[in-house]
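**Student:** Everything below, folded, please.
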Amino acid sequence: MKDIQNQPDYRNIPINKVGIKNIRYPIKVLDRVNDYQHTIASINMFVDLPHEIKGTHMSRFIEMLHAFRDEVSIKTFAEILSQMKKELHAASAHIEVMFPYFIRKTAPISKSPGLLDYTCRMVGSVNSENKNDLVCEVFVPITSVCPCSKEISDNGAHNQRGEVRLSIRFDKFIWIEDIIQLVENAASCDVYSVLKRVDEKYVTEKGYANPKFVEDIARDIAFEMKKDENIIWFSLSVENFESIHNHSAYAYISSNGI
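**Tutor:** Sure, this is the predicted structure:
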C-alpha cells in the first residue's frame, strides 16, 4: 500500500514536535515498598520531523508504548527515547508521562490506614547528539497555618490547604517517596486521607505550633534541595488556597533563578 507519510514535502518547514498527545494508558511504575505499582497515565510522545518528510508514523508511538508498558520508570526513559528515535528515524524525541501515585499513609495517632494519591510527572527528551534530559515532578498537597494570623489573634489562626509542585533533575536514581517526604516535612502539617478525632486534634495542634508562610515553605524546600549533592537542578512552587482571601498566596524558586 502507498505510504503517504513518507512522501516528500516541498514547503521547506521542519516540525519541532509531532506525535500523540493525551493518550490514557495503563502502566507499571517503581514502588519502594511494593516493588511496582499499577496506575493509569496520560502520555504525550513526540519526535521532530525534517522539512522534507510529509508526516510521521503515529501508530508506531502506540506500538512502542505497548512494548514498554511493563515498566515505565526513571530507569527506562533513556531506552524508550532511544527506541523512539530509531523507529521513527528522528533526530530528537520527547515523552511526558503524568500519573497518580498512591502511598499508604496511616493517621498519626489512631494509625488508621488510608491511601493518598500524589500527581507525578516525568518528562524526558533526547536530542540529535544523543544527550538525554530527564525531569521528575511531584504535586504534593500540604496544609499551612498563617504566622501573621497567629501573632495578631487572641484565639486561633487561619489555615488552608495548599499544593507544592517540585521539579528536579538529578544525578543518581531517586525515589518518588523521598521527594514527597521532603516536601511534606516543610509544611505546617501534611495531609491525610483518613483522620479520626484524635488525629484531627493532632494535625490541628501540629500546624498551629508550626506556622509558615508560602515563602517559608518554599525556602525550606529549596534549602534541602541545595544540600543534596544528587540534585542537579530544581524548581518549585508553593500555592496556598487561602481560607480568608479570594485569592491564592504563591511563591516560586528555581535553582538557576529563572
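**Student:** Tell me how far the worst-scoring helix or strand of the chain on mean pLDDT lies from the chain's centre.
**Tutor:** Every helix and strand in the chain was compared by mean pLDDT, DSSP states H and E; the lowest is helix 58-67, with a mean of 84. Taking CA atoms, centre = their mean, to the nearest Å, one finds helix 58-67 lying 23 Å from the centre of the chain it belongs to.
**Student:** Dump it to CSV, restricted to CA.
**Tutor:** Provided in CSV are the C-alpha atoms of helix 58-67 (Å, rounded to 0.1, in the frame of the first residue of the first chain):
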residue,chain,number,x,y,z
MET,A,58,1.6,7.8,14.5
SER,A,59,0.8,4.1,15.1
ARG,A,60,4.4,3.4,15.9
PHE,A,61,4.2,5.5,19.1
ILE,A,62,1.4,3.3,20.4
GLU,A,63,3.4,0.2,19.4
MET,A,64,6.4,1.4,21.4
LEU,A,65,4.3,2.3,24.3
HIS,A,66,2.8,-1.2,24.4
ALA,A,67,6.3,-2.7,24.2
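**Student:** by contact count, what packs against that helix?
**Tutor:** Judged by 3 or more CB pairs under 8 Å, 6 or more residues apart in numbering; DSSP states H and E, helix 58-67 is in contact with strand 15-31, strand 35-49, helix 77-87. Every C-beta, even on glycine, is put in place using the N, C-alpha and C of the backbone.
**Student:** what residues does it touch?
**Tutor:** Here helix 58-67 makes contact (CB atoms under 8 Å, 6 or more residues apart in numbering) with 19, 20, 23, 25, 43, 45, 80, 83, 84, 87, 88.
**Student:** Just want the angle from it to strand 35-49.
**Tutor:** Per axes from the mean of the first three to the mean of the last three CA atoms, to 10 degrees, the angle that helix 58-67 makes with strand 35-49 is 160 degrees.
**Student:** Now helix 58-67: buried residues?
**Tutor:** Neighbour-count burial for helix 58-67 flags 60, 61, 64, 65 (criterion: 16 or more other CB atoms under 10 Å).
**Student:** could you redo those as JSON lines and give each row distance to residue 123?
**Tutor:** Output for the buried residues of helix 58-67, formatted as JSON lines (distance: CB to CB, whole Å):
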{"residue": "60", "distance to residue 123": "21"}
{"residue": "61", "distance to residue 123": "16"}
{"residue": "64", "distance to residue 123": "17"}
{"residue": "65", "distance to residue 123": "16"}
